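Participant: Need a 3D model of the following:
(one chain, ligands or ions: 1)
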Amino acid sequence: MSKPAKNPAKIQTMFSSIAPRYDLLNRLLSLGRDRYWRQFAVSRLPKKQASQFLDVATGTGDVAVEIIKQHGPDTRITGIDFSEGMLELGKKKISDLGYQQLIDLRRGDVTSLDFEDEVFDAAIIAFGIRNVPDYKKSIMEMARVIKKGGRVVILEFTSMQSRFFQWIFRLYLEKILPFLGGLISGRKTAYKYLSDSVMDFPPPEEFKKIMLDSGLKEVEYHRLTFSIVTVHVGIK
Ligand SMILES: C[S@@+](CC[C@H](N)C(=O)[O-])C[C@H]1O[C@@H](n2cnc3c(N)ncnc32)[C@H](O)[C@@H]1O
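Facilitator: Residues are numbered from 1 along each chain as shown. Down below sits the predicted model:
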């Protein structure tokens, strides 16, 4: 494993370059489990009428769409991402579903959110946080823009597994994923970056501490699918 270079400009270009194959590769490389992981993460958002949620690093908008499915049409979602390529595909998906009035996708950076304090009922980020150089700063930003009592929900791959699964998972991450990802997207380096960034990500107990240090309370986490991913939830 090599240390992932978290250069924001490079990450932005990389996601735009894989955008056309992003959804397909997600389904394929996770054997369809990514849908369930997002469903679970979205189910941790607070349930109340007419909520306003922020979907950070929204990519092609799958989390935002799942929120509408679970929370209904009186919910409003703002999705932000810094990759124009990902946003373009997300906007097309949302318009094909007729959700333009419910989901607003715009350009933005996780590390410096362009919103007033305490605007949203909750903020969620799926497979985005491991890409930022400073986790705490980004979590604090998400916490800043949500109301008191609101939640921050973070879905991310888990770096540390049980010994047995770690062996299989590493084999998958280091060999199979870059190979298949490279073959289908034509961008092997992007999928090599994916595996490096997953293995570099802190294990759940350590990440929980980072969330607590960022000012969130009652932080809990749920490991899904043999711990391949973890959903962290913290309250403001
Ligand atoms: C793996 S994709 C996840 C997309 C989506 N949340 C999902 O569940 O499929 C990661 C996304 O994070 C975005 N991203 C990474 N760093 C970012 C930053 N600092 N600000 C905004 N978006 C960022 C990338 O452009 C990319 O669209």
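Participant: hey, let's count contacts and neighbours off CA atoms from now on
Facilitator: Fine.
Participant: quick one, what contacts Val65?
Facilitator: Residues in contact with Val65 (C-alpha atoms under 8 Å, 6 or more residues apart in numbering) are Ile94.
Participant: Quick check: phi and psi at it.
Facilitator: phi -60, psi -40 (degrees, to the nearest 10).
Participant: where's it relative to Arg107, distance?
Facilitator: For Val65, the distance to Arg107 (C-alpha to C-alpha, to the nearest Å) stands at 17 Å.
Participant: Also Gly72?
Facilitator: 24 Å.
Participant: repeat for Ile139
Facilitator: Taking C-alpha to C-alpha, one finds Ile139 at 18 Å from Arg107.
Participant: In terms of neighbours, single out the busier of those two.
Facilitator: Legend: neighbour count by other C-alpha atoms under 10 Å for Ile139 and Arg107, higher for Ile139 (26 against 14).
Participant: packing partners for the helix or strand in which that one is found?
Facilitator: Per DSSP states H and E: Ile139 is located in helix 135-145. For helix 135-145, the packing partners by 3 or more C-alpha pairs under 8 Å, 6 or more residues apart in numbering; DSSP states H and E come out as strand 120-126, strand 146-157, helix 204-213.
Participant: and if we set it to 10 Å?
Facilitator: Secondary-structure packing of helix 135-145 (3 or more C-alpha pairs under 10 Å, 6 or more residues apart in numbering; DSSP states H and E): strand 52-56, strand 120-126, strand 146-157, helix 204-213, strand 229-235.
Participant: could you dump these to CSV with mean pLDDT and mean neighbour count?
Facilitator: As requested, those are arranged in CSV below (pLDDT from 0 to 100; neighbours: other C-alpha atoms under 10 Å):
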stretch, mean pLDDT, mean neighbour count
strand 52-56, 98, 25
strand 120-126, 98, 25
strand 146-157, 97, 22
helix 204-213, 97, 17
strand 229-235, 97, 23
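Participant: so which of these comes closest to Leu24?
Facilitator: Nearest of the helices and strands packed on helix 135-145 to Leu24, taken as C-alpha to C-alpha: strand 120-126 at 16.7 Å.
Participant: my guess is Arg107 contacts Leu87, does it?
Facilitator: Yes. Using C-alpha atoms under 10 Å, Arg107 makes contact with Leu87 at a distance of 7.6 Å.
Participant: closest to Glu220 out of the helices and strands packed on helix 135-145?
Facilitator: Comparing the helices and strands packed on helix 135-145 by C-alpha to C-alpha, strand 229-235 comes nearest, at 5.4 Å.
Participant: chain center to that closest one: distance?
Facilitator: Relative to the centre of its chain, strand 229-235 is centred 11 Å away, using C-alpha atoms, centre = their mean, to the nearest Å.
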